[in-house]
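A.B. asks: with the sequence up front, the predicted model follows.
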Amino acid sequence: MREETFPQLLYRNAQRFGKRVALREKEFGIWQTITWEEYLDHVRRFCLGLCALGFKRGDKLAIIGDNRPEWVYAELAAQAAGGVAVGIYQDSLPREVAYIVRHSDARFVVAEDQEQVDKLLEVKEELPHLEKVIYYEPRGLRNYRDPLLLSFPEVEKMGEELAKARPGLFEEMVAEGKGDDLAVIAYTSGTTGPPKGAMLTHRNMLSMARNLMAVDPLEPGDEYLSFLPLAWMGEQMMTVSSALWVGFTVNFPEETDTVRENLREIGPHVMFSPPRIYEDLVSSIQVKMEDSTWLKRKLYHFFLQVGYRVADCRFAKKTPSLGLRILNALGEFLIFSAIKDHLGFCRLRRAYTGGAALGPDVFRFFHAIGVNLKQIYGQTEIAGISVVHRDGDIKFHTVGKPLPETEIRISPEGEILSRSPAVFVGYYKNPEATAETLAGGWLHSGDAGYLDEDGHLVVIDRLKDVIRLEDGSIFSPQYISNRLKFSPYIKEAVVIGQNRPYVVALINIDPANVGRWAETHRVPYTTYVDLTQKPEVQELVCKEVRRVNQELPPAVRVKKFVILHKELDADDEELTRTRKVRLGFVAQKYAELIEGMYAGAKEIPVEAKVKYRDGREGIVKTQLKVLEPEEER
């Protein structure tokens, strides 16, 4: 049998590894193991069950839910039958779910639980082509009688019956698969408009896995924790593509809010997360250290500076002095090992971050405590990754060098262009966008960047967002935003300055860390809105902005900002489902605030609708103070 598709690799791994652990899931407080043989058996039964329901080669199977073994069973089952998997983010609203199911022409949907089933039943009138919704967590669904619904075990039972009637059918379908068959339609995050369905073949995704593993090899015995949405190409890159290519063990957390605890229990060898996860980890460490004893704080700050000096030596490809190495080893024994143990990073050989830019402060911090954090660069349309840092050749202001078989060049306009076997075949039902994105045989990223003298790629920002200074040079609002977010008190910062006389920002405070600070400093508050408008909190944030301004060229320093009355939220369309800011939408939604800052207003009234978790809507009315960090307060 060929080894060109995911199901073919699963078949190979089941024969090669047999009873070794392929998947592990924490359920009811106990880690349940699934061997490679059991993995293949579930995929076989569910694949044949789909066929019994009428699933055919070329059909689409949409999947929505948290990271669970059933997600990958369903994905590989659809692909084994010659179909295509379509991932949907589990926190999508019903109308967003309806859009993807309708646009992708999915006739079948696999949904995790009652919450996801309810979304589909709410919009089923908009989906006349939808034939079955298959759920795998039955809690709360006992009394549902909709003919659309089937349970996962029921479909597997149907598969068992078909296997008896037609033995060898599954193996025949798997053997028919080819590398150029579509594997997934991955919907983009939608920062610039409605999500587009990127069509990726098995060859696209496996070429990326092969080339990443050539740079950073992993072993079959290695452990990985899958906790980011499987609808995101970054998670597909590890949980599906790389795991099937190598045969390492994928672990699924018990719940989304137990990820940190599960990280400590598993102690993975490799980790992949977007910047927000690493930023949150740094913030939690900073706050906890400030709450610790005087001696621990002193030791932490002293050895962290030692760690920075060692990291900077390695970035510069220099050998730290003997004295510095001894001090760093002492810091590892006294401080760093405890921090890494608390995070679950003790066995971590390498950690990746991608999906957005990571601030240099966060990057240097992790290297200072001994975590081998690497930037990667890529996008959904190139199967997740095209550029990565190499061991021993890390520059924190770059994203590394291209993977094998990948070419990078910079257009005359400064746009990053890519070419590799991992580049997608086009957008589903959107030939115009496909032609534009693949013009000239290169993948057009929409990002501005350049290659330095060592061949490292430097990503500046989205091409349309860069700030052009008076001298003609360009500067990145994202860079300023990342420097601001290194503060434990700033959760999000939207920087505005293109074609403007100076730079302003919209800032979200971190409610947990600022709330803890307020309690420590005896600042009473009631709500999030009340906390944002406390003079003490405003001065706290002003200090953080001033700190960043000192490191920026005068022309791009943040002159004014407001602390927003609400957190930016994906449900309000201010963030994508991968937690990236939708800059155009935010700039339009908060245009009055932005124009007010440029008009010289001292306070700006706001009245905004807020959507609560239970679907209710409320109105927030307040006055937002325009803060000028360089003014003495």
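C.D. replies: Looks like it arrived, so ask away.

A.B. asks: okay, buried residues for stretch 14-23 please.
C.D. replies: Residues of stretch 14-23 classed as buried: 14, 17, 20, 21, 22, 23 (neighbour count, 16 or more other CB atoms under 10 Å). The way it works is simple: take the backbone N, C-alpha and C, and place the C-beta from them, glycine included.

A.B. asks: again but with stretch 302-312, I slipped
C.D. replies: 303, 304, 306, 307, 310, 311.

A.B. asks: so what's the first one up against?
C.D. replies: Residue 303 sits next to 327, 328, 330, 331, 334, 335, 336 when contact means CB atoms under 8 Å, 6 or more residues apart in numbering.

A.B. asks: kindly report the same for residue 69.
C.D. replies: 23, 25, 34, 39, 42, 252.

A.B. asks: so how far is residue 43 from the second one?
C.D. replies: Translated: residue 25. Using CB to CB, to the nearest Å, residue 25 is found at 16 Å from residue 43.

A.B. asks: these two - which one has more neighbours?
C.D. replies: Using other CB atoms under 10 Å as the criterion, residue 25 and residue 43 rank with residue 43 on top: 27 against 19.

A.B. asks: in a helix, that's where that one is, yeah?
C.D. replies: Yes: assessed with DSSP: H, G, I helix; E, B strand; the rest coil, residue 43 lies in a helix.

A.B. asks: show me what contacts the closest residue to it other than its chain neighbours?
C.D. replies: Closest residue to residue 43 apart from its sequence neighbours, by CB to CB, 6 or more residues apart in numbering: residue 76 at 4.7 Å. Taking CB under 8 Å, 6+ apart as the criterion, residue 76 is in contact with 6, 7, 10, 43, 47, 240.

A.B. asks: is it correct that the fourth one is in contact with residue 7?
C.D. replies: Spelled out, that is residue 43. Yes: the pair residue 43 / residue 7 is scored as a contact, 6.9 Å apart, by CB atoms under 8 Å.

A.B. asks: which neighbours do the two share?
C.D. replies: Both residue 43 and residue 7 are contacted by 76, 80, under the criterion CB under 8 Å, 6+ apart.

A.B. asks: so residue 369 touches residue 339, yeah?
C.D. replies: Yes: counting by CB under 8 Å, residue 369 does reach residue 339; the two are 5.6 Å apart.

A.B. asks: which of the two has more residues huddled nearby?
C.D. replies: The neighbour count for residue 369 versus residue 339, taken as other CB under 10 Å, is higher for residue 369 (24 against 19).

A.B. asks: can you check the pLDDT for that one?
C.D. replies: Looking at residue 369, its pLDDT is 95.

A.B. asks: dihedrals phi and psi, it?
C.D. replies: phi -90, psi 0 (degrees, to the nearest 10).

A.B. asks: what residues does the residue nearest to it when sequence neighbours are not counted make contact with?
C.D. replies: Excluding its sequence neighbours, the residue lying closest to residue 369 (CB to CB, 6+ apart) is residue 336, at 4.5 Å. Shown in contact with residue 336 (CB under 8 Å, 6+ apart): 303, 307, 369, 370.

A.B. asks: same thing but at 10 Å, please
C.D. replies: Contacts of residue 336 were listed using CB atoms under 10 Å, 6 or more residues apart in numbering, and they are 300, 303-304, 306-307, 328-330, 345, 368-371.

A.B. asks: do residue 68 as well
C.D. replies: The contact partners of residue 68, taken as CB under 10 Å, 6+ apart, are 23, 25, 27, 74, 112, 113, 136, 137, 226, 230, 252, 253.

A.B. asks: which elements pack onto the helix or strand encompassing residue 173?
C.D. replies: Using DSSP states H and E, residue 173 falls within helix 169-176. With contacts taken as 3 or more CB pairs under 10 Å, 6 or more residues apart in numbering; DSSP states H and E, helix 169-176 sits against helix 6-17, helix 36-53, helix 69-80, helix 152-165.

A.B. asks: if you compare those, which one is most tucked away?
C.D. replies: helix 69-80 (a mean of 27; mean count of other CB atoms under 10 Å).

A.B. asks: centre of the chain to that one, how far?
C.D. replies: With CA atoms, centre = their mean, to the nearest Å as the basis, helix 69-80 stands 21 Å off its chain's centre.

A.B. asks: give me the angle between it and helix 169-176.
C.D. replies: Angle, helix 69-80 to helix 169-176, by axes from the mean of the first three to the mean of the last three CA atoms, to 10 degrees: 70 degrees.

A.B. asks: tell me the mean pLDDT over helix 69-80?
C.D. replies: Per-residue scores along helix 69-80 average to 98.

A.B. asks: now do stretch 570-589
C.D. replies: 82.

A.B. asks: same check, this time on stretch 450-459
C.D. replies: 89.

A.B. asks: buried ones in the helix or strand that contains residue 512?
C.D. replies: Applying DSSP H and E as the criterion places residue 512 in helix 511-520. Across helix 511-520, burial judged by 16+ other CB under 10 Å covers 511, 513, 514, 515, 516, 517, 518.

A.B. asks: lovely, talk soon.
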